[in-house]
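# pasting a predicted model and its sequence here:
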Amino acid sequence: MTRACAAAAVLLAAAAALTHHPARAAEPTRTVLLRSTAVPLDARSPLTADIAAAPDVLPGGSRVSATQVVNVVVDDSGAPQRIRVRQRLVLEGTGDYSFVVPAPLVDVVAAPGSDVTPGGRSTGIVWQGFVSKRRVLAADATLRPRRVAAALPVQLRLTTTVDGRPLEPGERRSGHVRVRLELRNDTALPVRGFDAPAVPARVAAVLDEIRSAAAGGAVLSDRYLSVTGEPRARSVVVDAPIAVAGRLRLPAETLENVVVRGGTVAHGARGTSVRFRSMLGEGRPSAVMSLEADGSGIASPSVALTARPIHAVPGLTPVGSRSWREAVATGRARDGRELVGLASRAVLQLARVQQFEELLSVPGPGESSTEYRFRSAAAPDTQERPALHDDGSGPIRVALWFLGAVVLACGGVVLWARL
């Protein structure tokens, strides 16, 4: 009996060794880097200068938060004609500051609420001075539309025909009108992500951090992820989901047989409108609103809309669980490689969103949010004002003018002395 018990004990020990061998459980681990979402994926946004600028100077331990409103005036086809940005920076800290916000600048003035007046160059907005605990730096900047249009996250295309022929700006016609407004998310970008085998519980903690940051619109710093095998490159396409809302208005003396698609119709004293709301991105890159009717005295339509980047990643919310830790603990998420791939893609997509939260860059650590406002104008002014100069010619011209004035004055004195 004793021998039988001893033999059984040996068999149980062997079985335990096979099912829970320390050497097999302790697989070699390595760390992979998930880059900060503050790192741009390409050079499209934030805007950059064509020439090198001096390094930013900020007080030690300071923080800068920013809000931006981008106002875009479009023509009758939806192409940008004028672009103005109001950027409000809140600098917290104590010490000297000096930096340039790069932008193809036409003009800049202080915005309401600014504690100081900005300087301007053709390459950007200049801020310098001393901050004691807190200072608001707010600027209204007029930018060159041809240089900035490519950095906008949404493209508009507006077409209007009456009896099949395009309606020209300033023209009024009668007949069967068709108006079509297409909005397209223009932020999609192919990038290189990765996946790798990993212990699901270790990835779950990082995924919960990413999900929390996305929900709060926060910038993620660099994260290191433990994996148990060689990372494998994966090609993914990421975009910045954009929430849009607005209205398309058609002025006319009379309209009947109105048919609207992609929105809701509203009738008012200034014409018939189509109100719309949509999400561009996450597999639906575009939205179309249209209006058809029979009418008289039909003029060119107008559009006004707002667009906001949304910090969202498809698949980042675990199905049937309150967190990724819970999903792993209950067995709903078991594939470590799949979870690593999701973490990689989520960080890349949030980085793409962050790019369009900063049309104008924000110096130092902090957060930024941006709202884009598009509106049409009956006769947009396409003439750009002369650019600001920062090539040194301004001070030289002033000096030459002053020297010339002195020479003329001296000449006048000599001439007067001889009379």
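Nice, I can see it. This is a predicted model, so every value here is computed, not measured.
# mind checking the SS state of L181?
The assignment at L181 comes out as strand when based on DSSP: H, G, I helix; E, B strand; the rest coil.
# and for the one 10 residues further on?
The local conformation at V191, judged by three-state DSSP, is strand.
# neighbours of the closest residue to it other than its chain neighbours, how many?
Nearest residue to V191, sequence neighbours excluded (C-beta to C-beta, 6 or more residues apart in numbering): L348, at 5.3 Å. C-beta here means a position set from N, CA and C on the backbone, and glycine is covered the same way. Counted with other C-beta atoms under 10 Å, residues neighbouring L348 total 22.
# so L348 makes contact with V238?
Yes - counting by C-beta atoms under 8 Å, L348 touches V238, with 4.9 Å between them.
# between these two, what contacts are shared?
Common contacts of L348 and V238, defined by C-beta atoms under 8 Å, 6 or more residues apart in numbering, comprise L41, V191.
# quick one: mean pLDDT for the longest strand along the chain?
The residue-count maximum for a strand in the chain (DSSP state E) belongs to strand 80-102. The average of the pLDDT scores along strand 80-102 is 97.
# from the chain's centroid, how far away is stretch 112-125?
On the basis of C-alpha atoms, centre = their mean, to the nearest Å, stretch 112-125 sits 22 Å off its chain's mean C-alpha point.
# residues in contact with that stretch?
Applying C-beta under 8 Å, 6+ apart, the external contacts of stretch 112-125 come out as 49-51, 53, 87-88, 100-105, 107-110, 126-129, 135-139, 141, 360, 387-391.
# so E338 belongs to a strand, correct?
No - applying three-state DSSP, one finds E338 to be helix, outside a strand.
# could you measure from it over to R345?
11 Å (C-beta to C-beta, to the nearest Å).
# of the two, who's got more company?
Taking neighbours as other C-beta under 10 Å, E338 and R345 compare with R345 leading, 22 against 15.
# which residues touch that one?
R345 neighbours (C-beta under 8 Å, 6+ apart): G193, V236, V238, V313.
# and for V328?
P200, A201, A204, R334.
# how does it look with 6 Å?
P200, A201, A204 (C-beta atoms under 6 Å, 6 or more residues apart in numbering).
# and what of R84?
Contacts of R84 by C-beta under 6 Å, 6+ apart are N71, T142.
# quick one: it from P309, how far?
Note on R84: its distance to P309, by C-beta to C-beta, is 19 Å.
# hang on, W127 is in a strand, isn't it?
Yes - under three-state DSSP, W127 sits within a strand.
# didn't it look like it was pressed against A139?
No - using C-beta atoms under 6 Å as the test, W127 is too far from A139 to be in contact (8.2 Å).
# that older thread, put the buried members of the contacts of V328 into a PyMOL selection.
This is how PyMOL selects the buried members of the contacts of V328, with burial counted by 16 or more other C-beta atoms under 10 Å:
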select buried, resi 200+204
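# just the pLDDT for T306.
98.
# kindly report the same for S368.
90.
# same check, this time on L11
As predicted, L11 sits at a pLDDT of 35.
# do A23 as well
pLDDT, A23: 40.
# repeat for A417
pLDDT, A417: 39.
# partners of the helix or strand containing R373, with directions?
Secondary structure from DSSP states H and E places R373 in strand 368-376. Within its sheet, strand 368-376 is paired with strand 63-74 (parallel), strand 302-309 (antiparallel), according to DSSP bridges.
# other residues contacting the last one?
Spelled out, it's strand 302-309. Strand 302-309 is contacted from outside by 154, 240, 242-249, 353, 356-357, 371-376, using C-beta under 6 Å, 6+ apart.
# now do the end-to-end distance for stretch 43-52.
One end of stretch 43-52 to the other measures 15 Å (C-alpha to C-alpha, to the nearest Å).
# ok so, going back, who wins for proximity to A149 among the strands paired with strand 368-376?
strand 63-74 (8.4 Å; C-beta to C-beta).
# and the direction of the helix or strand containing the residue nearest to V191 versus that of strand 302-309, what angle?
Using DSSP H and E, L348 falls within helix 336-355. Interaxial angle of helix 336-355 relative to strand 302-309 (axes from the mean of the first three to the mean of the last three C-alpha atoms, to 10 degrees): 130 degrees.
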